[in-house]
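A.B. asks: give me a 3D structure for the following:
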Amino acid sequence: MLIAAAAVLGVVAGTCTGYLVQADREPTALPSPAQPVLTQEKGQAPAPLSAAQDRRVKTDGDLRKLLLKKPRGAKDDEFLMGDDGWMRLADYASMFEDPDETFGELLADEFRRAAVTGWSKGDTSVEIRLVQYRQEEVPAAADYAEGAQYWTESEDGVDSWDIPGTGGGMAYVYTRPDSEPGYLPVYRAEAHAWRGDIHMEIWVTDTERISKKEILGLAERQMERL
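C.D. replies: As a prediction, the model looks like this:
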């Protein structure tokens, strides 16, 4: 026991002595930093990016101004859902099979706003929607566009084409009409694409089959405006 106590006291004494010796020494200088201190530049800050350079400058403005204009000779769609070019969240959710569930999903997916326009010319009716999301948590615009594409492609009798310049946008034409007793057959076409935080939807109906040129032309021109 005496030997063990002496060993412990020796270790303690040695540690204390080491601290005292180190405390009496001059501090060792640190090496110079690898990068010199940068001086702050003087003068004015650079001007904000223009809409041509920063897409958010354009899409954070009045979204309705990015919609395609009604063509010459066409009439405004009197049955278009919305108010002064804006579609409310509840109105947009009502376009889905389960509006109540979709309403909650759109809220969770950070729905921001939706702009809408539509017109008719002869027997042809067109509706275009630009649906914008906040996208702080999920890439909702791409998710909803791809979801719409998935369900459309799962139906029978649908021809499809890539929308040039979109990197994922698709246009569709239904080869068979929707028919109900007492009504003329109605053909349908649609297009879905996204750019940034905006999901573009185009819906076309006609009493005759809609051409590839017509639906692709609408989709390309609308995406160019984004």
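A.B. asks: from here on, contacts and neighbour counts on C-alpha atoms
C.D. replies: Noted.
A.B. asks: quick one, helices of the chain?
C.D. replies: 2-24, 55-59, 89-93, 99-108, 140-153, 212-225 (DSSP state H).
A.B. asks: where among the ones you listed is average confidence lowest?
C.D. replies: Of all the helices of the chain, mean pLDDT reaches its minimum on helix 2-24 (a mean of 57).
A.B. asks: OK, contacts around the residue most central in space within the chain?
C.D. replies: Taking CA atoms, centre = their mean, the centroid of the chain lies closest to residue 197, which sits 2.5 Å from it. By CA atoms under 8 Å, 6 or more residues apart in numbering, residue 197 lies in contact with 132, 133, 134, 135, 139, 140, 141, 142.
A.B. asks: make JSON lines out of the residues you listed and add neighbour count.
C.D. replies: Shown next, in JSON lines, are those (neighbours: other CA atoms under 10 Å):
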{"residue": "132", "neighbour count": "24"}
{"residue": "133", "neighbour count": "21"}
{"residue": "134", "neighbour count": "16"}
{"residue": "135", "neighbour count": "16"}
{"residue": "139", "neighbour count": "16"}
{"residue": "140", "neighbour count": "25"}
{"residue": "141", "neighbour count": "26"}
{"residue": "142", "neighbour count": "21"}
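A.B. asks: closest to residue 111 among those?
C.D. replies: Nearest to residue 111 among the contacts of residue 197, counting by CA to CA, is residue 133 at 4.6 Å.
A.B. asks: so how far is stretch 181-201 from its chain's centroid?
C.D. replies: Averaging C-alpha positions (CA atoms, centre = their mean, to the nearest Å) puts stretch 181-201 19 Å from its chain's average.
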